[in-house]
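Q: Any chance you can model this:
(chains A and B)
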Amino acid sequence: MSRLVEVSDLASCREGLTRERSAWPIRVTLSGGTCGEASGSTGVLKALTTQLHKDGLAEKVHVRVTGCQGFCQEEPLLIVEPLDVLYCNVKSEDVSEIVRESLVNGRVVERLCFVDGASGRTVQRPADLPFFAKQDRELIGHNQSIDPCDIGDYIANGGYSALAHVLTSMSPEAVIEEIRASGLRGRGGGGYPTARKWEQCREASGQERYVICNADEGDPGAYMDRGLLEGNPHSILEGMMIGAYAIGSNQGYVYVRNEYPLAVAHTREAIEQAWDLGLLGERILGTDFSFDVKVARGAGAFVCGESTALMASLEGQVGEPRSKDIHTVERGYLDRPTALNNVETWANVPRIISNGSAWFAGKGTDQSKGTKIFALTGHVKNTGLVEVEMGTTLREIIFDIGGGPQNGKQIKAVQTGGPSGGCLPAALFALPVDYEALSAAGSMMGSGGMVVMDDSACMVDVARYFLKFLKDESCGKCVPCRVGTDRMLEILADFAEGRGTMEQLDTLKDLAWAVGAGSLCALGKTAPNPVLSTLRYFHDEYEAHIRDRRCPAGVCRALARYVIDPDLCADCGQCVEACPHGAILEADVYQIDQTLCEQCGLCAETCVVGAISRV
Amino acid sequence: MARTVTITVDGATIQTAEGSSVLDAALEAGICIPNLCHMPSVSPIGACRVCIVEVVDDGRRKMTASCTLGARDGMVVEAHSETVLRARRHIVELIVAEAPNSRAVQDLAARVGVTRSRYPMRDKHCVLCGRCVRVCDEVWQSKSLGFVGRGGDRHVALPFDKRPDLCKRCNSCVEVCPMTITPCPGPMAVPGICGLCESQTSMVENIPDTCVMCELGRGFQCARWQLRGLLAPA
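A: Purely as a prediction, here's the structure:
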């Protein structure tokens, strides 16, 4: 590909790329994101390449390695076109069969197709997959047709046409107006209207302005941004270029956490390829717009996902938040106006420009427009990246797309919005995915983590887990967050270990409020959410822990203890046989080894004289 | 020269330079907003959160620290609303439970009306206010002290735990430390808030937010401290 010096070069370049791609007779798409690699896609690719060379098919078959396609639990996924068939959980051993049957003879290898658990039928076409069928894969769906390391794929799929359109026929103000009309709101969690942020940044005084892409995704169980950045980095770059043009910036940064090596590598590769083509640099496409992007790697602090801490880290300072009384759009990176948006927000921008704001605003609810990607994890049958239209109910996501509970259990709650989100009970699953609706229910949209829990989860333990994460990740600068989360955790530990009192419960409520009210940054302000939401919806579980010294789910081990009363014991030995964990010791008297005991209660059920009791 | 703006703190109209700290403006005007990490002539960090206030804007209330809050024309601040007092008491309760062995912290507790702490007492020697770190960096240009570690591990340390050559041995870090202010001669060894000090708790038990001539006030340009010689009975 030659350098694009004019806008018209882009169209002719795309024409050439499309022609080249339509000439490929057989196409094999292998998903090789982080989840794919972890499931062995590298080995599959190696086996595939070797096999194709051996069979002399290397010229005829085009192999494309893409990023994550969303159905993470069935990775590595392999799609054969034009046969249009999807294989799941492909292993290196399966490659020769796929090549022989599907690539040479055009037949489907049934045993590798996805079997729908609910209907028991085999699904061949990717589009028929129930997991995909109920989604609206506006953003993540493109991962399937794009090799993240090949800018040609992105351009052939219509990439950078939104940029060309903006540079040639839209004023910066018109771009902001278009984004405003679309109703796009920040996907990082806050839900701040993107157009308002850009406008404030554009109007702020200062010569230099910056755009930043926040890819410091650190929520446990969330990986939407990784999926996008790994699978389609150019869409984020294009979004940033459009944003930079709108606010009047010439320099952008992608702040990505170093624990995402593939995302870092793909973004760097994308930037290099964009430079080579002249899509980054001076006078892009022959216009007056110049722009450059640099990649900055985060060093593993969750708090650096907070905008002011991120900018401090980018400046080379300690990654600690500062007071936001003066917004970063006025004084951000290097005290200059800065527009910082989340990966998913940037990825939405080119699509809004290409398809029009009306198309975007046509999706979703009154206040929340477009689609949102969620990382669906936990106790559901199908896990992975799920992209749905705003306004879709939690029930549809968890049951229709996620396939409902595993092993016939009952789903009890869902944690949305990452560690600082809240736990919503099953009774509220009719709630739509909407910024306001989730906030009103005591949770939040967050960046899109969605952890589903069934009845084997103890909500006190869940609150304790998320709070521990936040306590460990607190920067320690301000008192309410550093000391407050520690004290909340102390109280929860008392509950879980059977030392809790009802007074402590009141203290916990009061403290949770104070931490939320008094903390410096959003991490501290939202840190009490796991506690507040579980207190709100699962108060009975707290009371059971405190009043009855009992954990209803049987998770808090310190609360369950079985003992044998030697006076009542008939020395029959039935309990020893009943115990599946071998925890009952046969000494002079029968005793339960508490370190081995799993608190299942089988011994107590077996005992005919009632010598075993739970205390 | 910065523009002069008018702000309202607890109903009182104050004139101050635009962008200057609301806490400083209030203290200068004789309105005591309790504070701990704040220090004149060094930059504010908003770490202790004791000086939190509510900014009322168009009926919407936003809680923020007044030390890092820049004054804007027409700003309305409430430093002693019910919500602020409730949050401030809880924050001080957390601080006093961390370090009950400091006269300055005990004074602060008495000032905001905290007479007991619901948390088990810890006997820490630092509340991480960062006064020493900032005075070393900003006043003495020495940077001999800094924060190390994150979250619960955060502590103040010398580079490589050795006194560096940059250190001017000025002793400022010790002087500004709220933990080194001469402790109360009473039974401070008792962990907790002893409540025995006549000048403190007993005096303000029923009237919180009354001046207790806190030791920290010495370093704050506190108007009462400056007038102390005049006010005290002969």
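Q: from here on, contacts and neighbour counts on C-alpha atoms
A: Will do.
Q: what's the burial count for A:Gly120?
A: The local packing of A:Gly120 (other C-alpha atoms under 10 Å in any protein chain shown) involves 9 other residues.
Q: The helix or strand bottoming out on mean pLDDT in chain A: how far from the chain's middle?
A: Within chain A, judged by mean pLDDT, DSSP states H and E, the helix or strand with the poorest mean is strand A:612-614; its value is a mean of 80. A distance of 44 Å separates the centroid of the chain from that of strand A:612-614, by C-alpha atoms, centre = their mean, to the nearest Å.
Q: Please spell out which residues along it are buried.
A: Taking 16 or more other C-alpha atoms under 10 Å in any protein chain shown as the basis for neighbour counts, the residues of strand A:612-614 that come out buried are A:Ile612.
Q: Who are the contact partners of the most centrally placed residue in chain B?
A: Centroid check for chain B by C-alpha atoms, centre = their mean gives B:Leu36 as the closest residue, at 1.6 Å. Under the criterion of C-alpha atoms under 8 Å, 6 or more residues apart in numbering or on different chains, the contact list for B:Leu36 reads B:48, B:50-51, B:108, B:129, B:178, B:216.
Q: Please repeat the previous calculation with a cut-off of 10 Å.
A: By C-alpha atoms under 10 Å, 6 or more residues apart in numbering or on different chains, the contact list for B:Leu36 reads B:46-51, B:92, B:104-105, B:108, B:127, B:129-131, B:178, B:216-217, B:220.
Q: same question, A:Gly356
A: So, once contact is read as C-alpha under 10 Å, 6+ apart, A:Gly356 ends up touching A:178-179, A:181-182, A:350.
Q: State the distance from it to A:Glu306.
A: Counting by C-alpha to C-alpha, to the nearest Å, the separation of A:Gly356 from A:Glu306 is 31 Å.
Q: And for A:Arg549?
A: Distance, A:Arg549 to A:Glu306, using C-alpha to C-alpha: 39 Å.
Q: same thing with A:Lys409?
A: Distance, A:Lys409 to A:Glu306, by C-alpha to C-alpha: 37 Å.
Q: Name the residue in the two with the higher neighbour count.
A: Comparing A:Lys409 with A:Glu306 by other C-alpha under 10 Å, the one with more neighbours is A:Glu306, at 19 against 13.
Q: Make sure that one is actually in contact with A:Lys525.
A: No - in this structure, A:Glu306 sits apart from A:Lys525 without contact. The criterion is C-alpha atoms under 10 Å, and the distance is 11.7 Å.
Q: list the contacts for the closest residue in space to A:Tyr537 that isn't next to it in sequence?
A: Using C-alpha to C-alpha, 6 or more residues apart in numbering or on different chains and skipping the chain neighbours, the partner closest in space to A:Tyr537 is A:Pro425 (6.5 Å). Residues near A:Pro425 by C-alpha under 10 Å, 6+ apart: A:411-415, A:453, A:533-534, A:536-538.
Q: Let's see which of the residues you listed end up in helices.
A: With helices defined by DSSP state H, the entries of these inside them are A:533-534, A:536-537.
Q: Per-residue pLDDT of residue 39, please?
A: I'll assume chain A. Listed pLDDT for A:Ser39 reads 93.
Q: Correction: the question concerned chain B.
A: According to the predicted model, the pLDDT of B:Met39 comes to 86.
Q: again with the one 4 residues further on
A: For B:Ser43, the pLDDT comes out at 93.
Q: And the closest residue in space to A:Glu259 that isn't next to it in sequence, how close does it get to chain B?
A: If you skip the residues right next to it in sequence, A:Glu259 has A:Gly300 as its closest partner in space, 7.3 Å away by C-alpha to C-alpha, 6+ apart. Distance, A:Gly300 to chain B, using C-alpha to the nearest C-alpha, to the nearest Å: 12 Å.
Q: now do A:Thr371
A: As defined by C-alpha to the nearest C-alpha, A:Thr371 lies at a distance of 30 Å from chain B.
Q: Pull the contacting residues for that residue.
A: Applying C-alpha under 10 Å, 6+ apart to A:Thr371 gives the contacts A:135-139, A:184, A:187, A:344, A:348, A:360, A:363-364, A:387-392, A:433.
Q: quick one, what contacts the closest residue to it other than its chain neighbours?
A: Across the structure, with C-alpha to C-alpha, 6+ apart as the measure, the residue nearest A:Thr371 apart from its sequence neighbours is A:Glu389 (4.1 Å). With contact taken as C-alpha under 10 Å, 6+ apart, A:Glu389 is in contact with A:134-138, A:363-365, A:368-373, A:432-434.
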